[in-house]
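Chemist: model this:
(one chain, ligands or ions: 1)
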Amino acid sequence: MKLSQWWVQVAYLEYRLPVVVHSSPGLVLPRMDFRDKQGQIRFASKLIAGVLDFKTMIDNETLPVEFLGGKPLCMNQYYEVLSSCRIPGVSRDSVVNHARSSQPPKHITVVHNFQFFQLDVYHSDGTALTPDQLCVQLEKICRASPDPGAEPVGILTTQHRDVWGKSYLNLIRDPTNKASVSSIQRSIFTLCLDGSTSGAAGDQSRSAAAVQMLHGGGSRGYSANRWFDKTLQFIVGEDGTCGANYEHAPAEGPPIVALIDHVVEFTRKPETSSSPAASLPVPHKLPFNVSPEVKRDIEAAKVSMDSLAQDLDMRVSVFGHFGKNVPKSHRMSPDAFIQVGLQLAFYRKYRRCCATYESASLRMFRLGRTDTIRSASNASASFVKAFDDPSKQNLEKVDLMEKAVKAHRSYTNMAVSGQAIDRHLLGLKLQAAEEKLPVPEIFRDPAYAKALHYRLSTSQVPSKTDCVMCFGPVVTDGYGVCYNPMDDHINFAVSAFNSCGETDAGGLAAAVEDALLDMKVLLDRTPRSKL
Ligand code: COA
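Modeler: Below is the predicted model of the structure:
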């Protein structure tokens with residue numbers, strides 16, 4: 001419990017880089033089949049209804065318990081994702097959760113053309129608005145905000161946290177602004193109604209959608225059509241682009257994806273017709289008074305957001321040659337196979353291995369968050385060095401591959417059962433600090449800093465829906481790699497920073513594709529004993 005609290009403080013609330021790109025993941029859903037405003041509103045209404053349907057299970061505590069390796073998982077994170085919000089501070093942020101307050105919120109926030117609205121989604125008798133009724137309400141919101149005329153206050157949430165912490169105080173000094181911000185913070189979630197983006201297709205369109213989900217495309221795009229402190233934001237574009245962005249402090253990806261899987265399934269159900277109620281209250285537009293000081297903060301936020309957007313290099317690709325099926329048929333863990341493939345790709349590109357982070361769930365423990373699977377091991381190094389060595393026989397390479405995959409799976413088993421090293425070391429470091437001891441020598445050793453410089457920061461986020469999560473690199477010269485292994489294909493999202501001359505998201509994505517294919521070819525060409 002204490003470790004989880006420490007982790008949330010150190011990894012999120014005391015982390016001062018913008019949450020945008022540096023901390024909050026995006027989620028790219030398949031492009032939906034509408035291409036206009038009417039279709040967007042219709043879909044968004046069903047999406048809201050789908051979230052409220054899932055919320056009923058949270059509220060009634062009827063969500064089925066999840067399992068990992070036959071062991072039940074802590075379900076607490078599900079109770080943290082709705083009706084909660086991060087609050088900026090000058091040196092440390094906090095998170096408020098209104099779900100368990102005496103008057104839990106009954107509204108969501110809708111953002112359209114950079115203007116914020118409070119939309120009540122329950123009737124006074126406690127029943128949820130139907131998709132038809134929500135449709136009527138969303139139409140009213142769109143009619144009330146036809147142009148992006150307003151000052152884009154949402155852009156403030158993209159700032160460095162210390163900067164936003166200060167401008168937040170400026171903003172809420174005005175009581176009207178304070179009430180508007182409070183409405184956003186208290187709302188169940190945010191729905192961002194974007195316009196259209198580029199008409200690209202295939203991986204290009206998926207990569208553009210990932211950018212839209214991760215940071216919104218900059219101040220001239222949709223970055224201000226968000227409130228990035230909000231734990232859960234759904235994003236629906238007029239062109240069928242669809243996905244989400246979530247603030248990481250309260251939860252990991254899997255509960256968010258489970259909620260989104262439910263919502264996507266809900267939106268696919270045939271519509272049951274219900275006539276809209278005659279008089280629903282007009283959704284309340286949240287007013288903001290923009291003082292010269294706030295205006296100056298908005299302009300500064302636009303500049304820093306645009307430079308971050310320029311810097312992010314994002315590639316979403318679908319590896320279509322195989323999925324979990326192939327490693328499984330070779331009696332290998334698919335996740336370990338992919339991680340070993342990533343090691344091979346990186347080694348081929350840089351002729352060296354690097355400290356690699358893969359998140360492992362600690363939800364087998366109450367309130368557990370994550371630990372680190374260190375994917376770069378002696379076994380993976382031996383394999384990647386041998387793979388392209390013409391002096392090595394295929395049988396030896398396969399043997400090294402199997403050892404690397406087994407070593408990864410074995411470390412994964414240790415990590416998910418609380419036996420990995422990273423959170424343990426973090427706990428010792430923070431305990432020493434709490435007891436006001438000098439920083440122990442091990443944490444001052446350059447080897448410790450090197451081991452924490454993750455040029456590959458990776459995560460598997462599986463889902464039923466054919467989607468992919470994406471996030472930014474955690475070091476300036478590194479990559480963020482998120483993947484969703486489906487049965488017969490794998491969705492990858494690879495990110496890097498353009499400002500680093502050595503990295504290139506598209507290049508690494510291509511190297512991963514080659515590595516996985518070459519590993520399969522090697523297995524296919526090398527007959528082995530079935531024992
Ligand atoms: N032979 C055949 N099949 C195998 C196998 C083997 N040797 N090893 C595993 N498999 C099967 C599994 O049974 C499983 O089957 P399923 O598809 O029917 O469920 C499947 O392959 C996947 O297993 P594997 O690839 O080993 O991964 P995993 O599901 O155990 O996941 C982690 C590994 C590390 C991703 C997971 O433990 C975890 O911690 N996930 C959470 C990560 C997280 O929080 N990320 C978000 C951060 S924001």
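
Chemist: which parts of the stretch 151-300 of the chain sit against the ligand?
Modeler: Contact residues, the stretch 151-300 of the chain versus the ligand (Cβ under 6 Å from any ligand atom): 252-254. (Each C-beta comes from the backbone N, C-alpha and C, glycine too.)

Chemist: can you rerun that using 5 Å?
Modeler: 252-253 (Cβ under 5 Å from any ligand atom).

Chemist: which residue does the stretch 151-300 of the chain bring closest to the ligand?
Modeler: G253 (3.6 Å; Cβ to the nearest ligand atom).

Chemist: my read is that that residue contacts V461, right?
Modeler: Yes. Taking Cβ atoms under 8 Å as the definition, G253 is a contact partner of V461 at 4.0 Å.

Chemist: spit out the residues that contact the two alike.
Modeler: 469, 482 (Cβ atoms under 8 Å, 6 or more residues apart in numbering).

Chemist: so L27: helix, strand or coil?
Modeler: Look at L27: counting by DSSP: H, G, I helix; E, B strand; the rest coil, its state is strand.

Chemist: and it, how many neighbours?
Modeler: As a burial measure, L27 scores 29 neighbours (other Cβ atoms under 10 Å).

Chemist: how far away is it from the ligand?
Modeler: 10 Å (Cβ to the nearest ligand atom, to the nearest Å).

Chemist: shouldn't that residue be in contact with V257?
Modeler: Yes. Under the criterion of Cβ under 8 Å, L27 makes contact with V257 at 7.0 Å.

Chemist: need the residues touching each of the two.
Modeler: With Cβ under 8 Å, 6+ apart as the test, L27 and V257 both reach 467, 469.

Chemist: so where do the helices sit in the stretch 301-450 of the chain?
Modeler: Here the stretch 301-450 of the chain has its helices, by DSSP state H, counting those that start in this stretch, at 325-329, 334-350, 378-387, 394-416, 422-434, 446-451.

Chemist: now the ones you listed as CSV including mean pLDDT?
Modeler: Shown next, in CSV, are the helices of the stretch 301-450 of the chain (pLDDT from 0 to 100):
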stretch, mean pLDDT
helix 325-329, 98
helix 334-350, 98
helix 378-387, 98
helix 394-416, 98
helix 422-434, 96
helix 446-451, 97
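
Chemist: most tightly packed of those?
Modeler: With neighbours defined as mean count of other Cβ atoms under 10 Å, those peak in mean count at helix 334-350, which reaches a mean of 24.

Chemist: that one and the ligand, are they touching?
Modeler: Yes. Helix 334-350 comes into contact with the ligand (Cβ under 5 Å from any ligand atom), by way of 334-335.

Chemist: chain center to that helix, what's the gap?
Modeler: In terms of Cα atoms, centre = their mean, to the nearest Å, the centre of helix 334-350 is found 22 Å from the chain centre.

Chemist: what is that helix packed up against?
Modeler: helix 325-329, strand 356-361, helix 378-387, helix 394-416, strand 456-460, strand 479-485, helix 505-525 (3 or more Cβ pairs under 8 Å, 6 or more residues apart in numbering; DSSP states H and E).

Chemist: against the ligand, how distant is the most far-flung residue of the chain relative to its centre?
Modeler: What lies farthest from the middle of the chain is S391; by Cα atoms, centre = their mean that is 42.8 Å. Per Cβ to the nearest ligand atom, S391 is found 29 Å from the ligand.

Chemist: now do the contacts for that residue.
Modeler: So S391 contacts nothing (Cβ under 8 Å, 6+ apart).
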